[in-house]
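Visitor: pasting the structure only:
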């Protein structure tokens, strides 16, 4: 089974294999209602219609979505709500790397897929997304050990991890500057790759 996980980073969403029926599309965040195709939805935030991101349009889409909607609790108003087996996943992988919706999605995909691709998942910011990026890379490593192919588009910053000191910088939290991004894309920075890069 091929699982394509689609995030909300605009840099590569359009490159996702929406037209290829071999790929099952999994997505999260309100932007998923605008995708050309989606088979499985994830809304792992508390279902609270009084706060973002639960706009009336998103709530209506979520409630009526025909596929599975994985959530952290049972919400009867979401007709196809399924509670993600978070306790079992934490027991299996430890609780330390479930740092984002994408991490939970990857952990669940590892249970069913023989190939995983990620689009719209950059995690380029050095603040909010740094911990999330580490969780994503952790599950990529788990998948790799299990023989599962994991790929990202070339432009996805989460595809590389700079090596401490070897890469020439010590406490940089990520490739946040355009010059740094271009440098690693050209292969000028020593780095560890957990993902197969799709050009």
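Guide: Thanks, I have the structure now. Please read these numbers as outputs of a predicted model, since none were measured by experiment.
Visitor: Check the gap between the nearest residue to residue 93 once chain neighbours are set aside and residue 138 for me.
Guide: Once flanking residues are discounted, residue 93 sits nearest to residue 107: 6.0 Å by CB to CB, 6 or more residues apart in numbering. Any C-beta I mention is one placed from the backbone N, CA and C, and that applies to glycine too. According to CB to CB, to the nearest Å, residue 107 and residue 138 sit 9 Å apart.
Visitor: How about residue 142: what's its closest non-neighbour residue?
Guide: Residue 142 sits nearest to residue 110 (CB to CB, 6+ apart), 6.1 Å away.
Visitor: Please apply the same query to residue 77.
Guide: Excluding its sequence neighbours, the residue lying closest to residue 77 (CB to CB, 6+ apart) is residue 63, at 5.5 Å.
Visitor: Break down this structure into its strands, ranges please.
Guide: For the chain, the strands defined by DSSP state E cover 2-6, 23-28, 40-42, 68-71, 81-83, 115-119, 149-153, 160-162, 191-193, 196-198.
Visitor: about what we covered before: give the residue from residue 107 and residue 138 that has the larger number of neighbours.
Guide: Counted by other CB atoms under 10 Å, residue 107 and residue 138 do not tie: residue 107 has more neighbours, with 24 against 20.
Visitor: Run through the residues that contact the more buried one.
Guide: Listed by CB atoms under 8 Å, 6 or more residues apart in numbering, the contact partners of residue 107 are 89, 92-93, 98, 139, 142.
Visitor: So which of those residues is the closest to residue 43?
Guide: Proximity of those to residue 43 (CB to CB) peaks at residue 98, which lies at 15.5 Å.
Visitor: quick one on the thing from earlier: tell me the pLDDT at the residue nearest to residue 77?
Guide: Looking at residue 63, its pLDDT reads 95.
Visitor: Likewise for the one 5 residues further on?
Guide: According to the prediction, residue 68 has pLDDT 98.
Visitor: bridging residues for it?
Guide: Note on residue 68: beta-bridge partners by DSSP bridges are residue 40.
Visitor: where exactly do the helices run in this structure?
Guide: 56-64, 86-93, 101-112, 128-145, 178-185 (DSSP state H).
Visitor: Of these, flag the one that's most buried.
Guide: With neighbours taken as mean count of other CB atoms under 10 Å, those reach their highest mean count in helix 101-112, at a mean of 22.
Visitor: pLDDT of it, averaged?
Guide: On average, the pLDDT along helix 101-112 is 96.
Visitor: Equivalent analysis for stretch 88-96, please.
Guide: So the average pLDDT for stretch 88-96 ends up being 94.
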